[in-house]
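Chemist: missing the sequence, but the structure's below:
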């Protein structure tokens, strides 16, 4: 996709489309990492095309893993085995991907060599102490710049721990479990709230025995994953923007096929129904423990949605899209989401500033935001500040405006959804 530093979004009366979204970003990261640690080859179909997941593949190749990706997003990986990675001569570049940095840190903590992981300016501002602390407890020595990247990881023989993070994070949970594969004994993570469980399902798909007991997940060390042929479902977080577009504009209808329906990811469906949309969900299959199917959203009426703190961990990636629900009318309020401030941007401040730039009433709270839709925003200019989900949220909100709007930093969508703006121009009427 050519560079698109800014995009113009034209108002639309409705959106109507039947489409598929790219492969799931979260699952793609995890399958690639486990394939690299596996014995034998893996064949991954519908691998996510964005820059974040390519960062994971690039880092694995630097660590001596054979990786090949074809233009149809099929990735072949020949596993190096549990202890078979090789040291990289150069720093491993995670780009903008927090998933790459945090989960790869878990893998590298149990190696016999030293590695350095770097990231772009945005990733270098994101907190890494939450993954450094448990890995240090397991025996690794990690150097960091006041808890931020770059991370220099001195791998070693690890010991198992029972870890209880203060903040729910699927990335941290995954890093500890991946490190646990290299540890002596059984490693467990007990979360304060349920987060996405793709790592648990992926471990089982690669032949690793795990135990799940409520909010506690345990894995015994020295288990050897086995290479697999797996198909990755469509990314629900990418589909969320099209679902919200349909719900925000009455008279719209969007059908999304072959999308992942993991129950730890689909909290948005209930939010859309509470707002007033008609939502139909049809599960059509399950592969490697991951359900998938078709979601149809029809815009009916606008309403009010209050997202409570208990809902936030299951909606963390969809909250920017949810904000756009109120652009055409209605109200959205989110509390208990302070975690948004340490994402690719400060998503609370960025979101509120961008919505105000589009002529939408928005208020910032320490741990969330409130959006009051007038039903007739003026349109204007919104700056995504290098954040892919902000760019897409502003684009969906701009559909409801009276005049064309300009989204600055629109090229950030290549991180997760190349081609987003081209699709938007095709389905808006």
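Modeler: Perfect, thanks for sending it. Keep in mind that this is a model prediction, so the values were computed, not measured.

Chemist: wait, a helix at residue 88?
Modeler: No. According to DSSP: H, G, I helix; E, B strand; the rest coil, residue 88 belongs to no helix; its state is coil.

Chemist: so what's it closest to, chain neighbours aside?
Modeler: Among residues not flanking residue 88 along the chain, residue 62 sits closest, at 4.1 Å (Cβ to Cβ, 6 or more residues apart in numbering). For glycine as for every other residue, the C-beta is placed from the backbone atoms N, C-alpha and C.

Chemist: residue 160 too?
Modeler: For residue 160, the spatially nearest residue (Cβ to Cβ, 6+ apart) is residue 185, at 3.3 Å.

Chemist: in contact with that neighbour, which residues?
Modeler: 159-160, 220-221 (Cβ atoms under 8 Å, 6 or more residues apart in numbering).

Chemist: just give me the closest of the residues you listed to residue 308.
Modeler: Nearest to residue 308 among those: residue 160, at 35.0 Å, using Cβ to Cβ.

Chemist: residue 218 against residue 181, yeah?
Modeler: No. Using Cβ atoms under 8 Å, residue 218 makes no contact with residue 181, being 12.0 Å away.

Chemist: the two - which one has more neighbours?
Modeler: residue 181 (23 against 18; other Cβ atoms under 10 Å).

Chemist: verify the stated contact: the more buried one with residue 82.
Modeler: Yes. In this structure, residue 181 is within contact of residue 82 by Cβ under 8 Å, at 6.4 Å.

Chemist: need the residues touching each of these two.
Modeler: Contacts common to residue 181 and residue 82, judged by Cβ under 8 Å, 6+ apart, are 37, 222, 225.

Chemist: quick one, which of those residues are buried?
Modeler: 37, 225 (16 or more other Cβ atoms under 10 Å).

Chemist: closest to residue 392 among the shared contacts of residue 181 and residue 82?
Modeler: residue 37 (32.5 Å).

Chemist: pLDDT weak spots in the stretch 201-350 of the chain?
Modeler: Within the stretch 201-350 of the chain, the set of residues satisfying pLDDT under 70 is empty.

Chemist: would you map the strands across it?
Modeler: Secondary structure of the stretch 201-350 of the chain (DSSP state E, counting those that start in this stretch): strands located at 210-213, 216-220, 229-231, 253-260, 278-287, 290-298, 304-307, 330-334.

Chemist: let me have the ones you listed in JSON lines, extended by distance to residue 31.
Modeler: Output for the strands of the stretch 201-350 of the chain, formatted as JSON lines (distance: least, Cβ to Cβ, whole Å):
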{"stretch": "strand 210-213", "distance to residue 31": "16"}
{"stretch": "strand 216-220", "distance to residue 31": "17"}
{"stretch": "strand 229-231", "distance to residue 31": "6"}
{"stretch": "strand 253-260", "distance to residue 31": "13"}
{"stretch": "strand 278-287", "distance to residue 31": "11"}
{"stretch": "strand 290-298", "distance to residue 31": "10"}
{"stretch": "strand 304-307", "distance to residue 31": "30"}
{"stretch": "strand 330-334", "distance to residue 31": "31"}
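
Chemist: need the strands for the stretch 1-150 of the chain, in chain order.
Modeler: In order along the chain, the stretch 1-150 of the chain carries the following strands (DSSP E, counting those that start in this stretch): 6-9, 16-19, 41-45, 66-69, 75-78, 92-93, 114-118, 141-145, 148-154.

Chemist: in TSV, list those along with distance to residue 238, mean neighbour count and mean pLDDT.
Modeler: What follows is the strands of the stretch 1-150 of the chain, written out as TSV (distance: least, Cβ to Cβ, whole Å; neighbours: other Cβ atoms under 10 Å; pLDDT from 0 to 100):
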stretch	distance to residue 238	mean neighbour count	mean pLDDT
strand 6-9	17	18	96
strand 16-19	10	16	97
strand 41-45	17	18	98
strand 66-69	19	15	98
strand 75-78	18	21	98
strand 92-93	24	22	98
strand 114-118	25	19	98
strand 141-145	31	15	96
strand 148-154	26	20	98
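
Chemist: quick one: which of those is nearest residue 342?
Modeler: Minimum separation from residue 342 across the strands of the stretch 1-150 of the chain (Cβ to Cβ) falls at strand 148-154, 10.6 Å.

Chemist: paired strands for the closest one, with orientation please.
Modeler: Sheet partners assigned to strand 148-154 using DSSP bridges are listed as strand 114-118 (antiparallel), strand 141-145 (antiparallel).

Chemist: neighbouring contacts of that strand?
Modeler: Applying Cβ under 8 Å, 6+ apart, the external contacts of strand 148-154 come out as 91, 94, 101, 105, 108-109, 114-119, 123-128, 132, 135, 140-144.

Chemist: go again with 7 Å.
Modeler: 91, 101, 105, 108-109, 114-119, 123-125, 128, 140-144 (Cβ atoms under 7 Å, 6 or more residues apart in numbering).

Chemist: swap in stretch 58-74?
Modeler: Contact with stretch 58-74 is made by 23, 32, 36, 44-47, 49, 57, 75-78, 80, 85-86, 88, 90, 92-94, 100, 104, as judged by Cβ under 7 Å, 6+ apart.

Chemist: the residue nearest to residue 12 when sequence neighbours are not counted and residue 388, how far apart?
Modeler: Setting aside the residues directly before and after it, residue 12 is nearest to residue 428 in space (Cβ to Cβ, 6+ apart), at 3.6 Å. Per Cβ to Cβ, to the nearest Å, residue 428 is found 19 Å from residue 388.

Chemist: also residue 243?
Modeler: As judged by Cβ to Cβ, residue 243 and residue 388 stand 17 Å apart.

Chemist: show me the contacts for residue 357.
Modeler: 380-382.

Chemist: okay, now the domains of the chain?
Modeler: Following automatic domain parsing, the chain resolves into domains at 6-21+233-427, 25-231.
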